[in-house]
Each structure stands twice: as structure tokens, then as C-alpha cells.
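A.B. asks: Any chance you could fold what I've pasted below:
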Amino acid sequence: MAALSGVPISVLDRSRTRVGETEAETLRASVKLAQQVEELGYKRFWVSEHHSVPGVVGSAPTVLAAAVAARTSRIRVGTGGVMLPNHRPLVVAEQFGVLESLYPGRIDMGLGRSVGFTNGIRRALGVEKDATEDFAAQVRELLAYLAGTQQNQVHARPGEGLHIPPFILAVGEGAAIAASLGLPVVLAARSESQVLETLDQYRTSFQPSAWALEPYVILAVTAAVADTTEAARQILLPEAWASAYSRTRGVFPPLQPDVPPEMTAREQEFFENGLRGQIYGTPDEVDAALGGLVRRTAVDEVLITTNTYDRADLLASYAALAELALPVDARL
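C.D. replies: Predicted structure coming up:
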């Protein structure tokens, strides 16, 4: 039996653009991917929030989530996540209230604490860099609107009284905030030692709440599966090069099919860093690596992100992961 057998797996899609592809085509492809992974038996399909990034068109996650939910029937749909400092908590409560009202029992509310990464973007959004310092208070206000316990005589309609599972994307102090509020947490698996340390702190300090009685951890992993180790590595190269390109030029580009045959020393360093901590290989290799990581961390669920130019390779990788983790009867 595969080491990953029975582990719930989900997908985080960033709506990455490709060279020669329109933004409309990218968004439609995200919706199509959600339909495909639903058929494979994945538990959730989450979309992200990025602003003014040339290589990413996932700028309005609740709008895109609505499109995904409308074209699927069983998979849970959510955000990974809405960057709460960019929005007013009441508006976010109302948006998720609309989603949950239209697609009851299928909506997840993933919340992050990042703001725009340049001064110009932050000004356009009407926030400052220190807006992240108010994240815990913003989450409390948002949850109060959903629970109907707010003190300002303002009501989220729809939203109030609806149970919309909240998740905190743990960056920096995010895990501590999630533990203090009794919320599930999403951790990135870049460094196992850091993950284990953060997990211990989260589980030890977790305070049960109406949203979660026990700690719940989703491990976010970049992974790729193919017939050979090198083929799986090739799947991850377009995103690694895009990362290196952005670090050396200040612009995050659309994915391209090939990486340059030669790189500067600085580009090569960022390129290799872009691959560090990612899991790739044959089905057996990924099962051993990812299954071992899940066992050592005792996480409840795995959230998979895979970005590559070729969408057929992308789907084949997700299908191979489903074969490892999901029983046949979990698929449509």
C-alpha cells in the first residue's frame, strides 16, 4: 500500500499565465483544472490573490472561486487565500456569505496576511506595509460578522450565521494567531525543521473554538510526478526560472516552455533556490518522500501546488498523485 494512501489531498492553483496565452484563457484553464481534479477525487480546489503581477491573473479570488464552484459539483472551493489586510472584514464576510449561500457546504475561507509587494500596489489598494500588524484583529472582526457577535450593530448579509470554515495561511506569526483563535492552519513545507517547530508551537498553544475543537494542519507542498525523476524535475523548471527571472529583473513573467541554456551565476543561484524543498520524482519516489513527510509531521491534509508550462504534464502529475493517495471510489 502506498505511504500516501488515505491522506486527503487538495490543490492550490495560482492561475499562472503561459507565454502566448491570453489572461482569459488562463482563467478558463483554472476552472477546467478544478473540474479535472474533482474527477480525480481531490478534496479542495483553492485559488490565490496576487495584484499587478504579469505572470499571475488570480487577482480576485472570491470571484474566481464563484466561477469554479459554478462549474463543479462536489469538490470544496476556497481561497489560498484572500489577503485580509487588502480588504475590509465586512466586505470579505459578505463575499463569502454570497458564496456559501449559492454553494452551501462547499466553501472554504483561506485568509492570508500579505499586502502588495511594491509601494505602488499598496497605494492602489489603499493599504500600508504595516497593515499586516492588524491581521489578528481583522480576523476577529471577520469571524464576529459571521458569528453575529460583532459590537458595531453592522450585520453581514448574507454571511451572519453561516458556518464557513476559516483557515489561516501561516506566514511569520500566522500560526500563533491561528492557535490563539482556534483555527485550522496552512503551513508551507519549505523547511521540515521549521515546519516541525511551528507545528509544535501551534498544537501546544491551540485554543478550541466554535470553528475547530482540535488543531487541524494542512501542509502546502510543491510536488511533481512523472515516469522518471528527470521528467518530474523538468515539470518544475518553468516556475523555477520564472522565480529566478523575477529576482534578477523585478518582474514575474509568464511561464515559458524552456529555460535558458545558460544563466548568470546570480540567476543560477535563484534558479536552484526555486527548486529547493520541492518534491518530485517517480510515483514511488514521491510516495516515499511525501508520505514520509506526512508521517513525521502528522499533518491532516496536503495542499499541492504544481506550476508548469505544459498543462498536459500538469494534469498527469495531479492524476499520479491521486493514484497514490486516493481510493478509486473517491473519484467520480
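A.B. asks: all contacts plus neighbour counts: C-alpha atoms, from now on.
C.D. replies: Will do.
A.B. asks: ends of stretch 174-189, how far apart?
C.D. replies: 15 Å (Cα to Cα, to the nearest Å).
A.B. asks: Can you list the low-confidence ranges for the stretch 51-200 of the chain?
C.D. replies: Nowhere does the stretch 51-200 of the chain drop to pLDDT under 70.
A.B. asks: same question, the stretch 201-332 of the chain
C.D. replies: 328-332.
A.B. asks: Output the host helix or strand of Glu39 as CSV, nothing but the C-alphas.
C.D. replies: Under the criterion of DSSP states H and E, Glu39 resides in helix 23-40. Extracted in CSV, the C-alpha atoms of helix 23-40 (Å, rounded to 0.1, in the frame of the first residue of the first chain):
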residue,chain,number,x,y,z
GLU,A,23,-5.4,36.1,-19.4
ALA,A,24,-9.0,35.0,-20.3
GLU,A,25,-7.6,31.6,-21.4
THR,A,26,-5.6,31.3,-18.2
LEU,A,27,-8.7,31.8,-16.0
ARG,A,28,-10.8,29.4,-18.1
ALA,A,29,-8.0,26.8,-17.7
SER,A,30,-8.1,27.2,-13.9
VAL,A,31,-11.8,26.4,-14.0
LYS,A,32,-11.1,23.5,-16.2
LEU,A,33,-8.4,22.2,-13.9
ALA,A,34,-10.8,22.3,-11.0
GLN,A,35,-13.3,20.1,-12.9
GLN,A,36,-10.5,17.7,-13.7
VAL,A,37,-9.1,17.3,-10.2
GLU,A,38,-12.7,17.0,-8.9
GLU,A,39,-13.0,13.9,-11.1
LEU,A,40,-9.7,12.6,-9.7
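A.B. asks: which of the residues in that helix are buried?
C.D. replies: 23, 26-27, 29-31, 33-40 (16 or more other Cα atoms under 10 Å).
A.B. asks: Stretch 239-254 too?
C.D. replies: 239-245, 252-254.
A.B. asks: The helix holding Glu39 - contacts with which helices or strands?
C.D. replies: helix 61-71, helix 311-325 (3 or more Cα pairs under 8 Å, 6 or more residues apart in numbering; DSSP states H and E).
A.B. asks: Mind listing residues that contact the last one?
C.D. replies: Residues from elsewhere that reach helix 311-325 (Cα atoms under 8 Å, 6 or more residues apart in numbering): 2-9, 33, 36-37, 40-42, 224-226, 235, 283, 287, 306-308.
A.B. asks: on that earlier part again, redo the helices and strands packed on helix 23-40 as a markdown table? Include mean neighbour count and distance to Ala188.
C.D. replies: Formatted as a markdown table, these follow (neighbours: other Cα atoms under 10 Å; distance: least, Cα to Cα, whole Å):
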| stretch | mean neighbour count | distance to Ala188 |
| --- | --- | --- |
| helix 61-71 | 20 | 20 |
| helix 311-325 | 19 | 18 |
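A.B. asks: circling back: could you list which of the contacts of helix 311-325 belong to helices?
C.D. replies: Within the contacts of helix 311-325, residues falling in helices by DSSP state H are 33, 36-37, 40, 235, 283, 287.
A.B. asks: on that earlier part again, make a markdown table from the helices and strands packed on helix 23-40 and add distance to Asp108 to it.
C.D. replies: A markdown table is the format used below for the helices and strands packed on helix 23-40 (distance: least, Cα to Cα, whole Å):
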| stretch | distance to Asp108 |
| --- | --- |
| helix 61-71 | 10 |
| helix 311-325 | 21 |
